[in-house]
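*Asks:* Sequence plus predicted model, see below.
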Amino acid sequence: MPDAIPSALATAGPRLAGSGAVLKPEIEMDVEIPQALFDSFVENGIDNGRQKIREAPQVALAVEFTCTPHRVELRVCDTGSPIDAAIARRLFREPIVRGASLGIGLYQSARQASHAGYRVELTHNDPGHVCIALVREANLAEP
């Protein structure tokens, strides 16, 4: 069920608790978003970030949310090491088992996203800057 952005962001707070992640919203307008998809994506992104922190405690997490008249983007970013290129090519397209199962939850999120008009992508994959994003592009200002 779609929810307005403010209530969706309010529910993100408890999910971020204890993760060390910082929420960085940039909202130009309010649109309805699919709450279950939003929650699933944030939970999977934070879980994968926690795995990186267990391996390298200096890794920092950020959840960034941007909503403009033409784009809704929710990003989970970390300052850890990049995802191996072979895994990155398969990420979101098939379940990937690695340690604490990076990719199974993201694969499910990607499938859920496609049914809701969104896509999941790896937007940055550089040392110290790794981001996965849930994206929808459209003219959101029109009714």
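*Replies:* Sure thing, it's come through. Source: prediction; values computed, not measured.
*Asks:* which regions of this structure lie under the pLDDT threshold?
*Replies:* Regions of the chain meeting the criterion pLDDT under 70 cover residues 1-31, 98-103, 139-143.
*Asks:* again, only this time at 90
*Replies:* 1-55, 61-74, 87-88, 90-109, 137-143 (pLDDT under 90).
*Asks:* which residue ranges form the strands in it?
*Replies:* Assignment of strands within the chain using DSSP state E yields the ranges 2-4, 22-27, 32-34, 61-68, 71-78, 119-126, 129-137.
*Asks:* just checking, which of those sits deepest inside the structure?
*Replies:* Each of the strands of the chain was scored by mean neighbour count; the highest is strand 71-78, a mean of 22, by mean count of other C-beta atoms under 10 Å. Glycine gets a C-beta too; all of them are placed from N, C-alpha and C.
*Asks:* Not counting its own residues, what contacts it?
*Replies:* Counting contacts by C-beta atoms under 8 Å, 6 or more residues apart in numbering, the residues outside strand 71-78 that touch it are 21, 31, 33, 38, 41-42, 45-46, 48-49, 52, 59-67, 118, 123-124, 129-137, 140.
*Asks:* quick revisit: got JSON lines for the strands of the chain, with distance to residue 86 too?
*Replies:* Formatted as JSON lines, the strands of the chain follow (distance: least, C-beta to C-beta, whole Å):
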{"stretch": "strand 2-4", "distance to residue 86": "37"}
{"stretch": "strand 22-27", "distance to residue 86": "30"}
{"stretch": "strand 32-34", "distance to residue 86": "31"}
{"stretch": "strand 61-68", "distance to residue 86": "24"}
{"stretch": "strand 71-78", "distance to residue 86": "19"}
{"stretch": "strand 119-126", "distance to residue 86": "12"}
{"stretch": "strand 129-137", "distance to residue 86": "15"}
